[in-house]
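A.B. asks: Generate a structure from the sequence data that follows.
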Amino acid sequence: MKIDLVVFFVEEESLKVFLENFLSRLGISTTAYNISVFEGKNQLKKNLTPKINQWRLPNMQFFVLMDNDNKPNCKDVKLALFKQCEEANRPDTIIRLVCQELEAWYLGDLPTVSNYYNQPIKLPTLKQITQQNIKPDSVERPSELLKQQFPTFKKGELARHMGKHITLEGNSSISFGYFVQALKTVFPCLPAMLETP
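C.D. replies: Predicted coordinates:
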């Protein structure tokens, strides 16, 4: 199916900021997508079906992007979201979970974060991530770790920077890799830089 518009449903503003900058970096026109922001995951879960039903344009693809913090069962979360999409007659909706928070994607590329703040990594947990002893997606509350390491950390500011500069090759966040693979299915013209293992 030819896709004329991709509609992203995200749970928070920082995900929107990241997406806007990431898609712009990849050369995706703002006319090719729309980002609908909810006020948290509870609002997303509650209002996803009616939000999908508001869109009636042809050749649309829906894409849900939501944090999976507090470690609920991924399959259960995705199934619940899928059922809502089915209720809106859109079982083709792409659903990707960010494990555990958006900031875990940044932990998968700590050198870029460290360069942004111009500070070396000192926190023991973050050092273990750089040494590949800990997987970024398994870290609970990565945003709090970043705040401890970088006191000037602000979600929106770092989301903007990482959207523009996050490393695609070698990013150790598995959920980021799944997100990138899904992007390639809705924007098949994306460059070879999006090749992931």
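A.B. asks: from here on, contacts and neighbour counts on C-alpha atoms
C.D. replies: Will do.
A.B. asks: What residues does Gln61 make contact with?
C.D. replies: Neighbouring residues of Gln61 by Cα atoms under 8 Å, 6 or more residues apart in numbering: Ile3, Leu5, Val6, Val7, Asp92, Thr93, Ile94, Val186.
A.B. asks: from those residues, which would you call buried?
C.D. replies: Buried subset of the contacts of Gln61 (neighbour count, 16 or more other Cα atoms under 10 Å): Leu5, Val6, Val7, Thr93, Ile94, Val186.
A.B. asks: Identify, from these, the entry nearest to Glu169.
C.D. replies: Taking Cα to Cα as the measure, Val186 is the one of those closest to Glu169, at 20.1 Å.
A.B. asks: Tell me where the protein has helices.
C.D. replies: 13-25, 41-53, 74-87, 102-107, 110-117, 124-130, 142-149, 155-165, 174-186 (DSSP state H).
A.B. asks: Could you single out the most deeply buried of those?
C.D. replies: Stretch with highest mean neighbour count among the helices of the chain: helix 102-107 (a mean of 26; mean count of other Cα atoms under 10 Å).
A.B. asks: Quick check: can you list the domain ranges of this protein?
C.D. replies: Segmentation of the chain into domains, based on automatic domain parsing, reads 5-101+173-194, 103-165.
A.B. asks: what's the burial count for the residue lying closest to Val98 once chain neighbours are set aside?
C.D. replies: Leaving aside its sequence neighbours, Val98 sits nearest to Asp67 (Cα to Cα, 6 or more residues apart in numbering; 4.5 Å). When counting by other Cα atoms under 10 Å, one arrives at 20 neighbours for Asp67.
A.B. asks: for Asp67, what are its contacts?
C.D. replies: Glu11, Lys41, Leu97, Val98, Cys99, Gln100, Glu101, Leu102 are the contacts of Asp67 under Cα under 8 Å, 6+ apart.
A.B. asks: export these to TSV and tack on distance to Lys83?
C.D. replies: Below are those laid out as TSV (distance: Cα to Cα, whole Å):
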residue	distance to Lys83
Glu11	18
Lys41	16
Leu97	15
Val98	19
Cys99	21
Gln100	22
Glu101	23
Leu102	24
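A.B. asks: Could you dump these into a markdown table and include pLDDT and distance to Gln181?
C.D. replies: Converted to a markdown table, the contacts of Asp67 look like this (pLDDT from 0 to 100; distance: Cα to Cα, whole Å):
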| residue | pLDDT | distance to Gln181 |
| --- | --- | --- |
| Glu11 | 93 | 20 |
| Lys41 | 87 | 23 |
| Leu97 | 93 | 13 |
| Val98 | 91 | 14 |
| Cys99 | 88 | 16 |
| Gln100 | 87 | 18 |
| Glu101 | 92 | 18 |
| Leu102 | 95 | 17 |
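A.B. asks: For Asp109, see how far away the residue nearest to Phe22 when sequence neighbours are not counted is.
C.D. replies: Distance criterion Cα to Cα, 6+ apart; nearest residue to Phe22, sequence neighbours excluded, is Gly163 at 4.2 Å. Distance from Gly163 to Asp109, counting by Cα to Cα, to the nearest Å: 12 Å.
A.B. asks: Check Lys147 too.
C.D. replies: To Asp109, Lys147 is 16 Å away according to Cα to Cα.
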